[in-house]
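Participant: with the input below, show me the fold.
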Amino acid sequence: MVDVGGKDATRRVARVGGRIVMAPATLALIEQGSANKGDVLGVARIAAIQAAKRTAELIPLCHPLPLTRVAVEFAIDRGAVAVTIEVVAETRGPTGVEMEALTAAAVGLLTVYDMCKAADRAMRIEGLRLLEKSGGKSGHFLAA
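Facilitator: Numbers count the residues shown, from 1 in each chain. Now for the predicted structure:
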């Protein structure tokens, strides 16, 4: 792991987004709450939060971080026939929270896939990426 012991503890925030594209009938199941496994987006939100908290266990060289906030928002995009996710992770520490936010978003989308795969195995996860980060000496990043 990289030595972050000499770095200042500052407020660090990362915002990540992505989406899962699916068949219209699958999106309808999610919207109506009628998927066989239950409340897809509610379960996926909890899975995303849990994933953020366990990132250091999953990604070998990540530092374990004391997260101060993990916010997970899903939205239905009827035009793209997709569910989008946006995750904001925050900490106060010597290193950033990009990996925690990325891991949360990935697991949230994977949970949607898992809960709906019986209806639609052709779903695809797309566009998982860092949208914004702030804090630390590298400053503010905003994706184009």
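
Participant: what's the helix or strand for Asp8?
Facilitator: Assessed by DSSP states H and E, Asp8 sits outside every helix and strand.

Participant: chain center to the longest helix along the chain, what's the gap?
Facilitator: Looking across the chain with DSSP state H, the single longest helix is helix 98-116. Mean C-alpha position of helix 98-116 versus that of the full chain (C-alpha atoms, centre = their mean, to the nearest Å) differs by 5 Å.

Participant: likewise stretch 49-65?
Facilitator: 12 Å.

Participant: how about residues contacting that stretch?
Facilitator: Residues from elsewhere that reach stretch 49-65 (C-beta atoms under 8 Å, 6 or more residues apart in numbering): 1-2, 4, 67, 70, 72, 87, 89, 91, 93, 95, 97, 99-101, 103-104, 106-108. From N, CA and C alone the C-beta is placed, and that goes for glycine too.

Participant: what do you get for stretch 4-18?
Facilitator: 63, 84-98, 100-102, 104-106, 109, 125-137.

Participant: same question, stretch 25-45
Facilitator: Applying C-beta under 8 Å, 6+ apart, the contact partners of stretch 25-45 are 72, 74, 76, 78, 81-83, 85, 108-109, 111-112, 114-116, 118-120, 123.

Participant: quick one, which of those are buried?
Facilitator: Buried by 16 or more other C-beta atoms under 10 Å: 72, 74, 81-83, 85, 108-109, 111-112, 115-116, 119-120, 123, out of the contacts of stretch 25-45.

Participant: how many residues are close by Ala35?
Facilitator: Using other C-beta atoms under 10 Å, Ala35 has 20 neighbouring residues.

Participant: model confidence for it, exactly?
Facilitator: Ala35 is assigned a pLDDT of 93 by the prediction.

Participant: look up how far Thr103 lies from the spatially closest residue to it that is not a sequence neighbour.
Facilitator: Leaving out its chain neighbours, the residue that sits closest to Ala35 by C-beta to C-beta, 6 or more residues apart in numbering is Leu29, at 4.7 Å. Using C-beta to C-beta, to the nearest Å, Leu29 is found at 26 Å from Thr103.
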